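Visitor: Build me a model:
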Amino acid sequence: MVFAVPKSGVEIDVLLIEDEMLAAAAVTALLESYSYTVKAACNGREALTILESGCRPALILLDLRMPVMNGFEFCLELERNEAFREMPVAIVSGEGVRKEQLPVRHVDAGVFWKPVDFEKLLTAVRSYCGQPESHTAAAVC
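Guide: Model (predicted):
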């Protein structure tokens, strides 16, 4: 899989933060097949770099268990930055996380347990991103 980093300042539909390459590829392929623009990061630190470069996703899909900076730490960073604080987040994570452990403020777009029900995920994406007009995708890992 070839990954490219688009220019900064680009508005995208979805920022996918996922360290499992197969899971990231599956979600990206699904969303791209519906012409959503997707940018992926392998951990919260990479995702913050993407946001700091000027990218503004309509929705963030966030795994919680990742190396370098996990989803919980990423949510704390979102809260600390006024420019990022109101970005909608959907949690997409595996077993081992109890509902009461979820970052309460950052489940506004939903919680999806792996294996993900793609129809429900797509419904959430549509509600935040609308119907896509064009098809471009990029990922950085």
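
Visitor: drop to CA atoms for contacts and neighbour counts, all remaining ones
Guide: Noted.

Visitor: How about the backbone phi and psi for K39?
Guide: The phi and psi values for K39, taken as degrees, to the nearest 10, are phi -130, psi 130.

Visitor: What of C55?
Guide: The phi/psi pair for C55 (degrees, to the nearest 10) is phi -70, psi 140.

Visitor: Please identify the buried residues of stretch 122-135?
Guide: For stretch 122-135, the neighbour count (16 or more other CA atoms under 10 Å) marks A124, V125, R126, Y128, C129 as buried.

Visitor: Distance from the chain centre to it, please.
Guide: Centroid separation between stretch 122-135 and its chain, computed with CA atoms, centre = their mean, to the nearest Å, is 13 Å.

Visitor: Ok, stretch 59-70 next?
Guide: 8 Å.

Visitor: Same check on stretch 87-97?
Guide: 9 Å.

Visitor: Which parts of this protein are strands?
Guide: With DSSP state E as the criterion, the chain has strands at 11-17, 38-41, 56-62, 89-93, 111-113, 137-139.

Visitor: All good on my end, thank you.
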